[in-house]
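Engineer: Structure of the sequence below:
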Amino acid sequence: MAKTEEELNLNCPVTYTLSVLGGKWKWLIIYILSEQGTLRYGELKRALAGITHKMLSQQLKELETEQLINRKEYHQIPPKVEYSLTPRGQTLLPILDLMCEWGQTNFLKENLIFPCAK
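Structural biologist: This is a model prediction of the structure:
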């Protein structure tokens, strides 16, 4: 029988991980940075079809706060900012690989193979 909400222990590592990496954009940002290395804001925006400026800025700030990505700002005109994975962010790559493998195994359309992280 399923546990009620009161019976679930929500103070656990899974809850913490979801609080840090919840939503669809953060994992996609990490995936793109793992595949393409250091990218500027505009390059990330182009790679994430459908994301708004506000959402991308928010997600990048949250990932930076959690020390999963580096933000390097160059003081020049025009302004230049680059994003890359931190060593802590790179520890997520094995999880990303497993997510990709799961997606390939369970995706319903035949003959469609997704490229995955290393």
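Engineer: number of nearby residues for Q104?
Structural biologist: Q104 is surrounded by 13 other residues when neighbours are defined as other Cβ atoms under 10 Å. For the C-beta atoms, the positions are set from N, CA and C on the backbone; glycine is no exception.
Engineer: Phi first, then psi, for I77.
Structural biologist: phi -120, psi 120 (degrees, to the nearest 10).
Engineer: Find me the pLDDT at it, would you?
Structural biologist: The score at I77 is 90. That number is its pLDDT.
Engineer: Show me the contact partners of the helix or strand containing L56.
Structural biologist: With elements taken from DSSP states H and E, the one containing L56 is helix 53-65. Residues from elsewhere that reach helix 53-65 (Cβ atoms under 8 Å, 6 or more residues apart in numbering): 23, 25-26, 29-30, 41, 44-45, 48, 51, 69-71, 83, 89.
Engineer: With adjacent residues omitted, what lies nearest to the residue nearest to the spatial centre of the chain?
Structural biologist: Nearest to the mean C-alpha position of the chain, by Cα atoms, centre = their mean, lies W27 at 2.3 Å. Take W27 and drop its neighbours on the chain: the residue closest to it by Cβ to Cβ, 6 or more residues apart in numbering is L21, 6.4 Å away.
Engineer: burial of that neighbour, as a residue count?
Structural biologist: Count around L21 with other Cβ under 10 Å applied: 16.
Engineer: is it fair to say the residue nearest to the centre of the chain lies in a helix?
Structural biologist: Yes - secondary structure assignment (DSSP: H, G, I helix; E, B strand; the rest coil) places W27 inside a helix.
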